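Undergrad: Structure, please.
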Amino acid sequence: MHLLLPVLILVALIFGPGLWVRRVMSRYSSPGDRYVGTGGELARHLLDKGKLQSVRVEESAQGDHYDPLEKVVRLTPEKFNGHSLTAVTVAAHEVGHALQDANGYAPLKIRTRLVMLTRPLERLGAGILMAAPLIGALTRAPSVSVLMILGGLLSLGTTALVHLITLPTELDASFARALPLLRQDGILKPADLPHARRLLKAAALTYLSASLASLLNIARWWALVRR
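TA: Got it, this is the predicted structure:
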């Protein structure tokens, strides 16, 4: 029983932000006709205003994000076609990433490089961890197993590093770029300002949760290897 409270706190830290984000996004998705233009139209307007006509805006089922390699803002159908506060706020946030890219924002560059590196490293790390006990048993050399475990943990740890770097990148896109854009030219209704702040804060917290989940995954692999 004495371990129950720490476990509950850890679960709340990992899954709580994600649940809160979904609640906030859902709450401000109504009314669905809050704004005249759609999220996709607002993204196009803000990009053109920022002289980023070469950046495309696309509807996507792969989640709301900015692709710095393809130079495209992608929005889910409910954001791309939606007229809600959530739709326009998320659209502005993703445009904030496009502005970061155009301005050479260093944390975004680092994140982009790390994402490209971590994809094969995650698979390699998992493979190393699964093979470590077998190779250690076959060679009867504990040092080989230890080195492979460390290599696997480091490989998986790169995912946590990406998420930690993502957090300041998301905060900058939200509050240093998206929020000023929404306040300019009367785009955001005055009564919606505090709600937009909550939406932008919620979006940033998802990456903190993802980082904690990555660290938990490392701990899970470590526990499996030590058995």
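
Undergrad: What segments of this protein are helices?
TA: Per DSSP state H, the chain carries helices over the ranges 4-27, 39-49, 77-80, 85-102, 106-139, 142-171, 179-183, 193-226.

Undergrad: now the ones you listed in a markdown table, with mean neighbour count?
TA: For the C-beta atoms, the positions are set from N, CA and C on the backbone; glycine is no exception. Formatted as a markdown table, those follow (neighbours: other Cβ atoms under 10 Å):
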| stretch | mean neighbour count |
| --- | --- |
| helix 4-27 | 13 |
| helix 39-49 | 21 |
| helix 77-80 | 20 |
| helix 85-102 | 26 |
| helix 106-139 | 15 |
| helix 142-171 | 18 |
| helix 179-183 | 18 |
| helix 193-226 | 17 |
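
Undergrad: Please name whichever of those is nearest to residue 59.
TA: Among these, helix 77-80 comes nearest to residue 59, with 4.2 Å by Cβ to Cβ.

Undergrad: And the average pLDDT for the closest one is what?
TA: When pLDDT is averaged over helix 77-80, the result is 97.

Undergrad: Check which helices and strands it sits against.
TA: Applying 3 or more Cβ pairs under 8 Å, 6 or more residues apart in numbering; DSSP states H and E, one finds that helix 77-80 contacts helix 39-49, strand 56-59, helix 85-102.

Undergrad: Those into CSV, with extra columns for mean pLDDT and distance to residue 128?
TA: Output for these, formatted as CSV (pLDDT from 0 to 100; distance: least, Cβ to Cβ, whole Å):
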stretch, mean pLDDT, distance to residue 128
helix 39-49, 97, 41
strand 56-59, 98, 37
helix 85-102, 96, 33
